[in-house]
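Asks: quick one, fold the following:
(one chain, ligands or ions: 1)
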Amino acid sequence: MDSLTGRTAVVTGAASGIGRAITERFAAESMNLVLADVEEGPLASTTAALVGAGARAVAALTDVTSVASVQSLLEVARTEFGNVHVLCNNAGVGPPAEQQLWLNTPNDWRWTFGVNVFGVANGLHVFVPHMVDHGEEGHIVNTSSPDGGIVAMPSAAVYASSKAAVVTMTECLHHQLRELGSRVGASVLLPAGGLLLTGLWTADRNRPEALSRERPRARPPVTAEDFRRHLAEQGHDLPVMALEEVASWVVDGILTDRFWLLPDGMLDDEVRGRAEAIISRKEPYLHRAGI
Ligand SMILES: NC(=O)c1ccc[n+]([C@@H]2O[C@H](COP(=O)([O-])OP(=O)(O)OC[C@H]3O[C@@H](n4cnc5c(N)ncnc54)[C@H](O)[C@@H]3O)[C@@H](O)[C@H]2O)c1
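Replies: Here you go, the predicted model:
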């Protein structure tokens, strides 16, 4: 896209963390904003803060695991602003990490994949036909993670598996949109560069009762501070990464039609390590530090 000014963006998981930072950055580009999230209070306060700062923004309470809810999100966007030009499938949860993959329960998998994978699939299913058919320039950004998107951290296996799926979905989407000759581009966001202090560490707050764990956890959930301490014990000092900076990768990536939203040089050793491990046909690559 040549310019974002006056265009309309829909961002899921916009109430907090990276999604909130993306909407703030879009507001600075004078975009019309539709903030979608399942958490009503933070959604209302984030939207009110944007509107108070002069942005054109509306909130749409949305559960991305439900196609009907995502369909309503599209209707809100069209009613408020007309055509949608940018969709950020950013809502995500996790990781409900047990030490070993097999200790995670079926509901851990259902919940994580419901939001992280089906949430993206629902966004594509509902929004792509609209964005392709209206014929104006557009862009879709799916949020994955280096954990699974590049190399898997075995300590967060369910989450990593879901984020690997998001990369593959977005690669396929890119090629299909190109093949169609559409004016809609696609990118995958790989938030990285340090510790991201977002609500992901307390994602359980949004876990539906129907998908609660079938049995108590074998270990308590890891907090951001636990994670940082664990890495420090292994000799890795993880800096805090500014969410504004990650949001700027999104804007730059849309304006330059970049697929991989990760700065040049960042995580190249991991990309190479994984590729070389595949080429060697031996063990999978293992990255021990935080990514
Ligand atoms: N924080 C990190 O370290 C990190 C790293 C890489 C990728 N990511 C990804 O970034 C994205 C944003 O996460 P974050 O770190 O900002 O965490 P966050 O918890 O601050 O934001 C996630 C948002 O998604 C919303 N959400 C959860 N379930 C939903 C549902 N069913 N429908 C709609 N909204 C829902 C939450 O309410 C929340 O506002 C996620 O996809 C996450 O996996 C995060």
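Asks: run through the residues that contact the nearest residue in space to Ala53 that is not next to it in sequence.
Replies: Excluding the flanking residues, the one nearest Ala53 by CB to CB, 6 or more residues apart in numbering is Ala27, at 6.9 Å. (C-beta placed from N, C-alpha, C; glycine too.) Contacts of Ala27 were listed using CB atoms under 8 Å, 6 or more residues apart in numbering, and they are 33, 50, 53-55, 57.
Asks: doesn't Ala27 fall inside a helix?
Replies: Yes: judged by DSSP: H, G, I helix; E, B strand; the rest coil, Ala27 forms part of a helix.
Asks: against Ala242, how distant is it?
Replies: In this view, Ala27 and Ala242 are 17 Å apart by CB to CB, to the nearest Å.
Asks: give me every residue that touches Ala165.
Replies: Applying CB under 8 Å, 6+ apart, we find Ala165 in contact with 113, 116-117.
Asks: how far is the lowest-mean-pLDDT helix or strand in the chain from where the chain is centred?
Replies: None of the helices or strands of the chain scores lower by mean pLDDT, DSSP states H and E than helix 224-233, at a mean of 83. Remark: helix 224-233 is offset 23 Å from the chain centroid, using CA atoms, centre = their mean, to the nearest Å.
Asks: just the CA trace of it, in PDB.
Replies: Provided in PDB are the C-alpha atoms of helix 224-233 (Å, rounded to 0.1, in the frame of the first residue of the first chain):
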ATOM      1  CA  ALA A 224       7.400 -12.800  32.600                       C
ATOM      2  CA  GLU A 225       9.700 -12.300  35.600                       C
ATOM      3  CA  ASP A 226      10.100 -16.100  36.000                       C
ATOM      4  CA  PHE A 227      11.100 -16.400  32.400                       C
ATOM      5  CA  ARG A 228      13.600 -13.600  32.700                       C
ATOM      6  CA  ARG A 229      15.100 -15.100  35.800                       C
ATOM      7  CA  HIS A 230      15.300 -18.500  34.200                       C
ATOM      8  CA  LEU A 231      17.200 -17.000  31.200                       C
ATOM      9  CA  ALA A 232      19.500 -15.000  33.500                       C
ATOM     10  CA  GLU A 233      20.400 -18.200  35.300                       C
END
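Asks: does that helix come close to the ligand?
Replies: No: using CB under 6 Å from any ligand atom, helix 224-233 never reaches the ligand; the gap is at least 8.3 Å.
Asks: give me the buried positions along that helix.
Replies: 224, 227-228, 231 (16 or more other CB atoms under 10 Å).
Asks: mind checking which helix or strand Trp109 is in?
Replies: In this assignment (DSSP states H and E), Trp109 forms part of helix 106-113.
Asks: meant to ask about Ala60
Replies: Secondary structure assignment for Ala60, by DSSP H and E: strand 56-61.
Asks: can you give me the buried ones in the helix or strand following that strand?
Replies: Next along the chain after strand 56-61, taking DSSP H and E as the criterion, comes helix 67-81. For helix 67-81, burial by neighbour count (16+ other CB under 10 Å) applies to 69-70, 72-74, 76-77, 81.
Asks: same deal with stretch 148-165?
Replies: Quick answer for stretch 148-165 (16+ other CB under 10 Å): 148-153, 155-165.
Asks: equivalent analysis for stretch 232-247, please.
Replies: Of all the residues in stretch 232-247, those buried under the rule 16+ other CB under 10 Å are 238, 243, 246-247.
Asks: and stretch 86-103, by the same measure?
Replies: For stretch 86-103, by 16+ other CB under 10 Å, it's 86-98.
Asks: CA atoms only for it, dumped as PDB, please.
Replies: Output of stretch 86-103 as PDB, limited to C-alpha atoms (Å, rounded to 0.1, in the frame of the first residue of the first chain):
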ATOM      1  CA  VAL A  86      -5.900  -3.600   6.600                       C
ATOM      2  CA  LEU A  87      -6.700  -6.700   8.700                       C
ATOM      3  CA  CYS A  88      -4.400  -7.600  11.600                       C
ATOM      4  CA  ASN A  89      -5.200 -11.100  12.900                       C
ATOM      5  CA  ASN A  90      -3.300 -10.600  16.100                       C
ATOM      6  CA  ALA A  91      -5.400 -12.000  18.900                       C
ATOM      7  CA  GLY A  92      -3.500 -14.800  20.600                       C
ATOM      8  CA  VAL A  93      -3.200 -16.800  23.800                       C
ATOM      9  CA  GLY A  94      -0.700 -19.100  25.500                       C
ATOM     10  CA  PRO A  95       1.300 -20.800  26.300                       C
ATOM     11  CA  PRO A  96      -0.500 -23.200  28.700                       C
ATOM     12  CA  ALA A  97       2.900 -24.800  28.900                       C
ATOM     13  CA  GLU A  98       3.500 -27.900  30.800                       C
ATOM     14  CA  GLN A  99       7.000 -29.200  30.900                       C
ATOM     15  CA  GLN A 100       6.300 -32.000  28.400                       C
ATOM     16  CA  LEU A 101       4.000 -31.900  25.400                       C
ATOM     17  CA  TRP A 102       2.000 -34.900  26.500                       C
ATOM     18  CA  LEU A 103       1.100 -33.300  29.800                       C
END
